[in-house]
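1. here is a sequence together with a model predicted from it:
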Amino acid sequence: MVFFNKKKLYWMFSLLAFPALTWAQEGKGDDSLENFAHGVGDSIISIQDLFAAQDDGGQNLMRLIRLVLIVIELVVLAFIAYSVLRRMVYNRSFKKYYIQVEKYIDEAHFISDEPEWNALLDDCVILGKTIDKHTHRKHNSVVVAALTYRIARQLEVPKEQAIIYLLAAMIYDVGFLDLGADLFRAEILSAKEKKDLQRHVLQYSDYLPFAPKEIQAVFAQACMFHHENEDGSGYPESLTSKDIPLLAKIIHVTESYSSLISERTYHHKLSPKKAIEDLRKKKKFYDAGVIDILSTIV
């Protein structure tokens, strides 16, 4: 009697791989991890049933193979548990920014009793989440908004105006919604794709009619000028420091900081301290005073 053949080997490893594939398709949440654990148990039982059908002469080899498969599954399970825990810790590091923004938005509701004002607050939060999802930059709008508000207040911008800055910082990248979502998953971009990305600073106007006209002007500054550099090397208009609006200067710094402390397809995240150091090295791009304030609040 043939103890083992390629077909049985295939099915054994299929049974091993199935729970891992199920987990990968369902996402990396706690429920998926539990499902994977159940899948491990089911696959081991199935393998045991397969081994039970073999003759006595192959028992030692079967035990060895079963041990190897169990060890492999335990290693995979340990890796998944580590990945889930690491993701939980990563997401928790951004929790403070959500708390801050929620606090500022709650306070902003008391600035005016007008329904239009409250609708504006809600619309900006929703639009910010939409942009984050489209660009695969979880947490970005919240981090940029919270830090922009705090820096503005440190610069003695009046509270009501600082709230407008916060709202603008949520939707400043709205022009990205005109670009395909796949573009934001790429690790390497072609010259054409880079130019397409740069055009987002000019593709905002269709998304701003929901805001009052006097606020639209502030939003437009955020959308259009947040990639202008201090030395005039930025885009779209190559403005130098003295001509760049304050809000755009702040968002330029806070957006870059948000990127540096986040996992992105094109780089690994940095610690807050390392991120500040990186920003300081690029004085020709960023306002040094804004970076100094940022360093005191993160």
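-> Perfect, thanks for sending it.
2. what helices or strands is the helix or strand L67 falls within leaning on?
-> Assessed by DSSP states H and E, L67 sits inside helix 59-92. Helices and strands in packing contact with helix 59-92 are listed as helix 6-26, helix 30-52; criterion 3 or more Cβ pairs under 8 Å, 6 or more residues apart in numbering; DSSP states H and E. No exception for glycine: its C-beta is placed from N, CA and C like everyone else's.
3. lowest average pLDDT across these?
-> Among the helices and strands packed on helix 59-92, helix 6-26 carries the lowest mean pLDDT, a mean of 47.
4. where in this structure is pLDDT low?
-> Applying pLDDT under 70 to the chain flags the ranges 1-58.
5. the same query, at a cut-off of 80, please.
-> Scanning the chain with the threshold set as pLDDT under 80 gives 1-63, 87, 113, 187, 264-267.
6. need the contact partners of the following helix or strand past the helix holding L67.
-> Scanning forward in sequence from helix 59-92 by DSSP H and E, the next helix or strand is helix 95-108. Contact with helix 95-108 is made by 121, 125, 139, 142-143, 145-147, 149-150, 163, 166, as judged by Cβ atoms under 8 Å, 6 or more residues apart in numbering.
7. same thing with stretch 175-193?
-> Contacting residues not belonging to stretch 175-193 are listed as 130-131, 134-137, 196-197, 199-204, 207, 223, 265-266 [Cβ under 8 Å, 6+ apart].
8. please repeat the previous calculation with a cut-off of 7 Å.
-> Outside stretch 175-193, the residues that touch it by Cβ atoms under 7 Å, 6 or more residues apart in numbering are 131, 134-136, 196-197, 200-204, 207, 223, 265-266.
9. need the buried ones from the residues you listed selected in ChimeraX.
-> ChimeraX command restricting the contacts of stretch 175-193 to the buried ones, with burial defined by 16 or more other Cβ atoms under 10 Å:
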select :131,134,135,197,200,201,203,204,207,223
